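1. need a 3D model of the following:
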Amino acid sequence: MAKIIIVGASTGGLPMAYELKNKLGKHHEIQVINTQAEFTFVPSNPWVGVGWRTRKDISFPLAPALKKKKIEFIHQAVSALQPEANTLTLTNGDELKYDYLILATGPHLAFEEVEGLGPRHLGGFTSSVCTTDHAEEAFQSWQDFCKAPGPIVVGAVQGASCFGPAYEYAMIMDKDLRNRKIRDQVPMTFVTAEPYIGHLGLGGVGDSKGFMESEMRQRHINWICNAKVVKVEANTIHVDEHNDNGQVIKQHQLPFNYSMLLPAFKGTKMLQGADEKLVNPRGFVKVDEYNRNPSYPNIYALGVGIAIPPVEATPVPCGAPKTGLMIETMVTAIADNIDAELKQKPIEAKATWNTICLADFGDTGIAMVALPQIPPRNVTWARQGKWVHLAKVAFEKYFIRNMKKGNPEPLYQKWILKLIGAKRLKSD
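-> You can find the predicted model right below:
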């Protein structure tokens, strides 16, 4: 019997546990370690940030859901990893041995890399929708802001690799302000490290640049690209704007009454400064084409915490996103490969580095498909409409319901590909 430990239980780690259990059955032990006691659907956080969702709407306790599948849940953080000894140390001092380790940790949010960046409880002046805790705090600030509206600055700082939620939150705030009849009192500026609007860390998808720029013009949202946030003060954000050669061409002092800026990501605390054979200098786990670490082949990793290069060089650094479909295919590949190893067969499964994204804009949205994620692509497709907003609302309910039930099926592939239509993709 093999013992498999999964660290992390978000949109990568929880499906990983279900799929492994479904594939391996009762003959192998699976443990899930997570710092939070509940699962929350991270893509819904922008809605939480304006009060359109509550934590109760998008979360459920992990322990009962995993227990139903006979998977042990450990509500702890990992303080250290000893890959040579196949051992984890928990913050309570317990040591756990493993035969296989799967790192689905997600990122460390590197607010500390920009002075003044981050939520109030971290000593910063900006909000965040990266976690549900942060989004709840953002909503508290949002309620205060709506009583005394003024300028908003929203976006993603240098080194960020997840741009979609920044666009979503900007559009959702716009819609909520229009619902409140106070949009005319709120100048809004979008600040991003991307070289152009709609780049998304992907080099653009279809006419994402045109769609996004048109939407922002329609909503009276100004923007600054190739932007480096130098520091944040109580009511002012200092931004250096660069040209295509990386030279500073303008320095902005942007006043704000409310701001949400996404940070750059790093590997989690337990991985920062870890064995250089395991992680890169920013603490992201090195993986091969099979999603396993080249130096420690019994360690697999998936999701935001893995090391992948940016799609292209940009004047201000931009990372590459790891989207839901990508993560889901990593889950399937890892489950297949561990199953093959336990049966003493060669591993062959590889994740497909494809991107399918539903970006909600509050009352409309954009669906984007990039197959594969890194250009040149076999399929590049983007469409806009109210149907995207409705689809994301429906997918939220579908995903949470299936995760609560312990469904091991690849939900992004089953539902979103069906929604968009494989035949339609091929015809385009």
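
2. ok, residue 168 - contacts?
-> Going by C-beta atoms under 8 Å, 6 or more residues apart in numbering, residue 168 touches 46, 359-361. For every residue, glycine as well, the C-beta is placed using N, CA and C.

3. now do 6 Å
-> Going by C-beta atoms under 6 Å, 6 or more residues apart in numbering, residue 168 touches 46, 359-360.

4. tell me how many other residues surround the nearest residue to residue 243 once chain neighbours are set aside.
-> Ranked by C-beta to C-beta, 6 or more residues apart in numbering and with sequence neighbours excluded, the top spatial neighbour of residue 243 is residue 249, at 4.9 Å. By other C-beta atoms under 10 Å, 11 other residues sit near residue 249.

5. for the stretch 201-350 of the chain, what spans make up the helices?
-> In the stretch 201-350 of the chain, the helices defined using DSSP state H, counting those that start in this stretch lie at 208-218, 324-342.

6. circling back to that earlier point, from the contacts of residue 168, which land in strands?
-> In strands, judged by DSSP state E, the following of the contacts of residue 168 are found: 359-360.

7. give me the buried subset of the contacts of residue 168.
-> Among those, those buried by neighbour count (16 or more other C-beta atoms under 10 Å) are 46, 359-360.

8. pick the one among those closest to residue 383.
-> Of all the buried ones among the contacts of residue 168, residue 383 sits closest to residue 359, with 11.1 Å by C-beta to C-beta.

9. surely the closest one is in contact with residue 368?
-> No. With contact defined as C-beta atoms under 6 Å, residue 359 does not reach residue 368; the gap is 7.0 Å.

10. can you tell me what sits against stretch 52-66?
-> Outside stretch 52-66, the residues that touch it by C-beta under 6 Å, 6+ apart are 9, 32, 38-41, 44, 47, 73, 132, 404.

11. could I get these in a markdown table, plus columns for neighbour count and pLDDT?
-> Compiled in a markdown table, these are given as follows (neighbours: other C-beta atoms under 10 Å; pLDDT from 0 to 100):
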| residue | neighbour count | pLDDT |
| --- | --- | --- |
| 9 | 29 | 98 |
| 32 | 27 | 98 |
| 38 | 16 | 98 |
| 39 | 22 | 98 |
| 40 | 21 | 97 |
| 41 | 22 | 97 |
| 44 | 25 | 97 |
| 47 | 26 | 98 |
| 73 | 19 | 98 |
| 132 | 22 | 98 |
| 404 | 17 | 96 |
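
12. from those residues, which land in helices?
-> Using DSSP state H, the subset of the contacts of stretch 52-66 located in helices is 47, 132, 404.

13. next, format those residues as TSV and append distance to residue 394.
-> Rendered in TSV, the data for these read as follows (distance: C-beta to C-beta, whole Å):
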residue	distance to residue 394
47	14
132	20
404	16
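
14. tell me who's in contact with residue 183.
-> Contacts of residue 183 by C-beta under 6 Å, 6+ apart are residue 177.

15. what of the one 4 residues further on?
-> Taking C-beta under 6 Å, 6+ apart, we find residue 187 in contact with residue 151.

16. ok, it to residue 174 distance?
-> Computed as C-beta to C-beta, to the nearest Å, the residue 187 to residue 174 distance reads 12 Å.

17. give me the phi and psi for the residue lying closest to residue 409 once chain neighbours are set aside.
-> The shortest distance from residue 409 to any non-neighbouring residue, by C-beta to C-beta, 6+ apart, is to residue 402 (7.3 Å). With angles defined as degrees, to the nearest 10, residue 402 sits at phi -70, psi -40.

18. count the neighbours of residue 402 for me.
-> Count around residue 402 with other C-beta under 10 Å applied: 17.

19. and residue 278, by the same measure?
-> With other C-beta under 10 Å as criterion, residue 278 counts 21.

20. so where's the stretch 301-428 of the chain shaky on pLDDT?
-> Within the stretch 301-428 of the chain, the stretches with pLDDT under 70 are 417, 419-428.

21. which residues in it form strands?
-> Ranges of strands in the stretch 301-428 of the chain, per DSSP state E, counting those that start in this stretch, are 355-360, 365-371, 379-384.

22. would you format the ones you listed as TSV with distance to residue 87 included?
-> Listed next are the strands of the stretch 301-428 of the chain as TSV, based on distance: least, C-beta to C-beta, whole Å:
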stretch	distance to residue 87
strand 355-360	36
strand 365-371	39
strand 379-384	44
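
23. and of those, who's closest to residue 344?
-> With C-beta to C-beta as the yardstick, what comes closest out of these is strand 365-371 (33.6 Å).

24. run the angle between that closest one and helix 208-218 for me.
-> Angle, strand 365-371 to helix 208-218, by axes from the mean of the first three to the mean of the last three C-alpha atoms, to 10 degrees: 170 degrees.
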